[in-house]
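Q: below are the sequence and a predicted model for it; my questions follow.
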Amino acid sequence: MRIDAHQHYWKITRGDYGWITPELPVLYRDFMPVDLEPLLQTQSLDGSIIVQAAPTVEETDFILSIADKSPSVLGVVGWLDLFDPNHRRIYEKFRQHPKFKGFRIMIQDMPDAYRILEPGFVKALRGYAEEGVSVDLLLVPDQMDVVLQLLEQVPNLRGVIDHMAKPPIRNKDMEPWKQYMTAFARYPQIYCKLSGMVTEGEHHRWRKEDFLPYIRTVIELFGPQRVMFGSDWPVCLLAADYSEVMDILICSLPEAWGEYERGCLLGDNAKAFYKL
């Protein structure tokens, strides 16, 4: 099974996508399955994982409703506020949906990322870790240290680092990003998505070789069984179309990789991580 493990759908009129503004005309419109499904077919992909794009319960309900009607949606990663005393009740509601496969913590958008080390947050996350719930982690490089501290307190977290933690591709810097990714990879239940890269490069002026050292580093650290392909569509359209995103990845894979390793990256790992 070939899977795009990270993409989004949205309707602008819903009103909870504060980061999507008219100043981003490429994204400031509705994106729905009718737009993505032809692209999946072109790349011989069987389906995708929708990931939340707004920090609201209502948006998770919205993407679950899309999943109800769309066979191409294989799973949904929703949003859950672990600072909310009612988070468990909300989670129990979501988990009744057969395509709900976990939730995402949007550390990237937190004014103070160190809040994730508060005792209540850590306790809540430990509970979900004990149950083996899949958790996406959205972060940027200057938050890597605090996320590493979180993993030290929740070492059994079944997590995936979204977008390779957004490395500084434009600046061609590898450190301290590589140092922290090395530390993340030591946790056997932490995966990494090879996604969201193209928007970290020079928009429309990138070259494939810009991404190669970052892709190869992640593959070397996490191995073929803990990496996933994600298009980050439609956000990727800020810098490249779907086929270009796929081409960047495929051209950067190790020459020694065969059918097994590519199968892991392009679907088998996502199937296992999200328990599809």
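A: Perfect, I can see it now. Residues are numbered from 1 along each chain as shown.
Q: the protein: strands as residue ranges?
A: With DSSP state E as the criterion, the chain has strands at 3-7, 47-51, 73-79, 100-106, 134-138, 158-161, 190-194, 227-229.
Q: ok, which of these comes nearest D241?
A: strand 3-7 (13.4 Å; CB to CB). Where you see a C-beta, it was placed from the backbone N, CA and C, and this is true even at glycine.
Q: quick one, the closest one and strand 100-106 angle?
A: If you take axes from the mean of the first three to the mean of the last three CA atoms, to 10 degrees, strand 3-7 sits at 40 degrees to strand 100-106.
Q: what's the angle from strand 3-7 to strand 190-194?
A: 90 degrees.
Q: report all helices and strands that strand 3-7 contacts.
A: strand 47-51, strand 227-229, helix 269-273 (3 or more CB pairs under 8 Å, 6 or more residues apart in numbering; DSSP states H and E).
Q: want to throw the ones you listed into JSON lines with distance to E175 and mean pLDDT?
A: Shown next, in JSON lines, are those (distance: least, CB to CB, whole Å; pLDDT from 0 to 100):
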{"stretch": "strand 47-51", "distance to E175": "28", "mean pLDDT": "98"}
{"stretch": "strand 227-229", "distance to E175": "21", "mean pLDDT": "98"}
{"stretch": "helix 269-273", "distance to E175": "27", "mean pLDDT": "98"}
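Q: can the strands of the chain go into a markdown table with extra columns for mean neighbour count and distance to V235?
A: Below are the strands of the chain laid out as a markdown table (neighbours: other CB atoms under 10 Å; distance: least, CB to CB, whole Å):
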| stretch | mean neighbour count | distance to V235 |
| --- | --- | --- |
| strand 3-7 | 27 | 9 |
| strand 47-51 | 26 | 10 |
| strand 73-79 | 24 | 15 |
| strand 100-106 | 22 | 14 |
| strand 134-138 | 23 | 12 |
| strand 158-161 | 25 | 17 |
| strand 190-194 | 24 | 13 |
| strand 227-229 | 26 | 15 |
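Q: closest to L212 out of those?
A: strand 190-194 (11.7 Å).
Q: neighbouring contacts of that closest one?
A: 5-6, 151, 157, 159-164, 181, 184-185, 215, 218-219, 221-222, 226-230, 249, 265, 269, 273 (CB atoms under 8 Å, 6 or more residues apart in numbering).
Q: what is the mean pLDDT for that strand?
A: What strand 190-194 shows for mean pLDDT is 98.
Q: right, I'll leave it there.
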